[in-house]
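1. Provided below for reference: sequence and predicted model.
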Amino acid sequence: RTPTIERLADIVAAFVRAERIQDPVLIGHSMGTQVIAEVAARHPDLHSRLVMIGPTVQIGQRRALVQLRKLAKDLADESPKVLITGAREYLRAGPNLRRKMRAMLVHRPEIVYPRISAGTLVLRGEADTVSPRDWCEFVAAAIPRARLREVPGSGHETMIKNPEPAARLILEWLAEL
């Protein structure tokens, strides 16, 4: 079985509690942003801070072919490192990939965002076609304590291709809290 986004969030929260991690910084990329949004909304007692890198899925864009087209466009000029890393992860998902995509597409993160009380950084690559600027502005505006930052010259896979600029923005944001 492939768990729902909500179930994945409960698994993450159970792990944080079992490991006794105090005030975690939860970082999610793409579909992972939906998971950490649910963690924060469903488990506010964890006192987490969130970093959402390339949040998905934009309202009105929740069809598999639309998402795959956007991803293909984003990856068209990516480095071999990004393509190999992505291909490896998709292969690891194997037959569950279709069900994971469905879980991502049926989830409505815009309903969750206003319930997040955690400090949140919404981070996107400046050239990210999967997470367009207007969608990321919407996400940041919907979360009460969110800020939006962009990584210049990066696409959706900003933390794989060149992680230093994204890491720097995350550390600067954490220092401001």
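-> Great, that's in hand. Note that the structure is a prediction, hence the values are computed from the model and not measured.
2. what ranges do the strands span in the chain?
-> With DSSP state E, the ranges of strands along the chain come out as 25-29, 49-53, 120-125, 146-151.
3. Tabulate these in a markdown table, adding columns for mean pLDDT, distance to residue 9 and mean neighbour count.
-> From N, CA and C alone the C-beta is placed, and that goes for glycine too. As requested, the strands of the chain are exported to a markdown table (pLDDT from 0 to 100; distance: least, C-beta to C-beta, whole Å; neighbours: other C-beta atoms under 10 Å):
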| stretch | mean pLDDT | distance to residue 9 | mean neighbour count |
| --- | --- | --- | --- |
| strand 25-29 | 96 | 10 | 20 |
| strand 49-53 | 97 | 12 | 25 |
| strand 120-125 | 97 | 15 | 27 |
| strand 146-151 | 97 | 18 | 18 |
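4. out of these, nearest to residue 161?
-> With C-beta to C-beta as the measure, strand 120-125 is the member of the strands of the chain nearest residue 161 (8.4 Å).
5. what's next to that closest one, contact-wise?
-> By C-beta atoms under 8 Å, 6 or more residues apart in numbering, the residues outside strand 120-125 that reach it are 40, 49-55, 131, 133, 136, 139-140, 143, 145-151, 153-158, 166, 169-170, 173.
6. separation between residue 168 and residue 175?
-> To residue 175, residue 168 is 11 Å away according to C-beta to C-beta, to the nearest Å.
7. More neighbours: those two, which one.
-> residue 168 (11 against 7; other C-beta atoms under 10 Å).
8. State the distance from the more buried one to residue 6.
-> For residue 168, the distance to residue 6 - C-beta to C-beta - is 32 Å.
9. got the contact list for residue 166?
-> Shown in contact with residue 166 (C-beta under 8 Å, 6+ apart): 53, 123, 151, 154, 158-159.
10. Recalculate using a threshold of 7 Å.
-> The neighbours of residue 166, taking C-beta atoms under 7 Å, 6 or more residues apart in numbering as the test, are 53, 123, 151, 158-159.
11. can you check residue 35 too?
-> Counting by C-beta under 7 Å, 6+ apart, residue 35 has contacts 5, 8-9, 12, 28.
12. Under the pLDDT cut-off, which ranges of the chain? List them.
-> Under the criterion pLDDT under 70, the flagged ranges of the chain are 1, 63-76, 78-95, 97-98.
13. Helices of that one, start to end?
-> Taking DSSP state H as the criterion, the chain carries its helices at 5-18, 31-42, 64-75, 80-93, 97-106, 109-112, 133-142, 158-161, 163-176.
14. The spatially closest residue to residue 55 that is not a sequence neighbour: how many residues sit nearby?
-> In space, and not counting its chain neighbours, residue 55 is closest to residue 33: 4.1 Å by C-beta to C-beta, 6 or more residues apart in numbering. When neighbours are defined as other C-beta under 10 Å, residue 33 has 26 of them.
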